[in-house]
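Build the 3D model from these lines:
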Amino acid sequence: MELTVPAFQPLTASSPRLSPDFVPDLFHFSLYDDFHPRHFLVCDPVSRRYALFHPPPVDEYSGGRIFSAALLSRDADAGDGGLRFQAVCVALDVDRPRAWVATYRDGECRWRAMPRSRDVAIEFDPYWLEYLAVRAAGSLYWHICYNPCALALDTATLEFSFLHVPALMFDGASGNTHKCRIGEMPEDRQLCVGSLESRSCCCVCGGAATAATTDIDAGRTGKVFIGTLGYGIFSYQLDTGKLESLATEDGMQYGQPNLALLLCSDE
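Numbers count the residues shown, from 1 in each chain. Okay, here's the model as predicted:
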């Protein structure tokens, strides 16, 4: 069966309104912020439904300190239209990551604590772990600034590991690993890693160098995003090499491109 690759389409009068503006007290929530949550919010902008639930019962002295959360899976909705899904919180329990899995059914959330990782130790300052996870090729990844690795969580086995950046992207001296980004290729959803070097761009998929980036489009459109200081955000098309500035008609700059796609992920 031929793979159908998602593509952006112009908005029309019949297009669904992909906005979370139906959520009460929306200004209390943030997509990306310093991670000390009092509540979690999961919303479906198409059906305009949402679920609000508490984080797991952990703290720095029992179960670890939470640094990130993400959706694991979406199940068929209940007969009354209620949302059903699984989510994961990742905590640092001393020097080991631990996953807490939430199962949300019929308006109730149940948390399940997974064992501390035996294979992965956080031997660097956890401040450099990014809060926002990237979903690619069956795993969740957390980029680590100034580090030749990314923290990975297999969404099927819930096992942690490290993904090492290809050697050609990191010479151990320049510190360019904070520019590396993980994503998927649009044709076959193969895992790829991209980086923006000082004079050129590089994207590696399974070991073969092809093209460019700092941020890889989570919508699998074949585009990658390049962020700059003072010059805005650009998109780079892997197939054609076309580089475009992402700006509105009135000249305003767009924000982080990948954040908007989190609302309409097909996973």
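
When you work out contacts or count neighbours from here on, use the C-alpha atoms and nothing else.
Noted.

what about the helices in this protein?
Remark: helices assigned in the chain by DSSP state H are 257-261.

where does this protein dip in pLDDT?
Applying pLDDT under 70 to the chain flags the ranges 1-13, 15-17, 31-37, 60-63, 78-81, 170-179, 195-222, 227-232, 247-267.

domains in it, as residue ranges please.
Domain assignment of the chain by automatic domain parsing yields the ranges 13-164, 166-267.

give me every residue that touches the nearest residue to residue 89 once chain neighbours are set aside.
In space, and not counting its chain neighbours, residue 89 is closest to residue 69: 4.3 Å by Cα to Cα, 6 or more residues apart in numbering. Applying Cα atoms under 8 Å, 6 or more residues apart in numbering to residue 69 gives the contacts 87, 88, 89, 90, 131, 132, 133.

Tell me the spacing between residue 69 and residue 238.
30 Å (Cα to Cα, to the nearest Å).

repeat for residue 97
34 Å.

and what of residue 51?
Residue 51 is 37 Å from residue 238, by Cα to Cα.

on that earlier part again, tell me the two of the contacts of residue 69 that are most distant?
87 and 131 (15.0 Å; Cα to Cα).

Burial check on residue 88, number of neighbours?
Residues near residue 88, counting by other Cα atoms under 10 Å, number 23.

what sits opposite the closest residue to it other than its chain neighbours in the beta ladder?
Spatially, and ignoring its direct neighbours in sequence, residue 88 is nearest to residue 101 (4.5 Å; Cα to Cα, 6+ apart). Beta bridges link residue 101 to residue 88, residue 112 when assigned by DSSP bridges.

Now do the contacts for residue 101.
Residue 101 touches 86, 87, 88, 89, 111, 112, 113, 114, counting by Cα under 8 Å, 6+ apart.

of residue 97 and residue 238, who's got more company?
The residue with more neighbours, out of residue 97 and residue 238, is residue 97; 28 against 19, by other Cα under 10 Å.

I figured the more buried one hits residue 68, correct?
No. If you go by Cα atoms under 8 Å, residue 97 and residue 68 don't touch, sitting 10.9 Å apart.

between these two, what contacts are shared?
Common neighbours of residue 97 and residue 68, using Cα under 8 Å, 6+ apart, are 90, 91.

tally of neighbours for the residue nearest to residue 160 when sequence neighbours are not counted?
Nearest residue to residue 160 in three dimensions, chain neighbours excluded: residue 153, at 4.6 Å (Cα to Cα, 6+ apart). By other Cα under 10 Å, 23 other residues sit near residue 153.

Report the separation between residue 153 and residue 135.
Applying Cα to Cα to residue 153 and residue 135 gives a distance of 10 Å.

and for these two, which residues touch both?
residue 141.

Residue 82 and residue 106 touch, don't they?
Yes. If you go by Cα under 8 Å, residue 82 and residue 106 touch, sitting 6.4 Å apart.

quick one on the thing from earlier: for the residue nearest to residue 89, give its distance to residue 241.
From residue 69 to residue 241 the distance is 34 Å (Cα to Cα).

Provide the backbone phi and psi angles at residue 116.
Main-chain torsions, residue 116, degrees, to the nearest 10: phi -60, psi 140.

Now do the nearest residue to it once chain neighbours are set aside against residue 69, distance only.
Leaving out its chain neighbours, the residue that sits closest to residue 116 by Cα to Cα, 6+ apart is residue 98, at 4.7 Å. Counting by Cα to Cα, the gap between residue 98 and residue 69 amounts to 12 Å.

if I look at these two, which residues touch both of them?
With Cα under 8 Å, 6+ apart, residue 98 and residue 69 have common neighbours residue 90.

Leaving out the residues flanking it, which one is nearest to residue 123?
Closest to residue 123 by Cα to Cα, 6+ apart is residue 95, at 6.9 Å.

Surely the one you found is in contact with residue 124?
No. If you go by Cα under 8 Å, residue 95 and residue 124 don't touch, sitting 9.1 Å apart.

Those two: which is more packed in?
Under the neighbour definition other Cα under 10 Å, residue 95 and residue 124 were set side by side, and residue 95 has more, 17 against 11.

ok, of the contacts of residue 101, which come out buried?
86, 87, 88, 89, 111, 113 (16 or more other Cα atoms under 10 Å).
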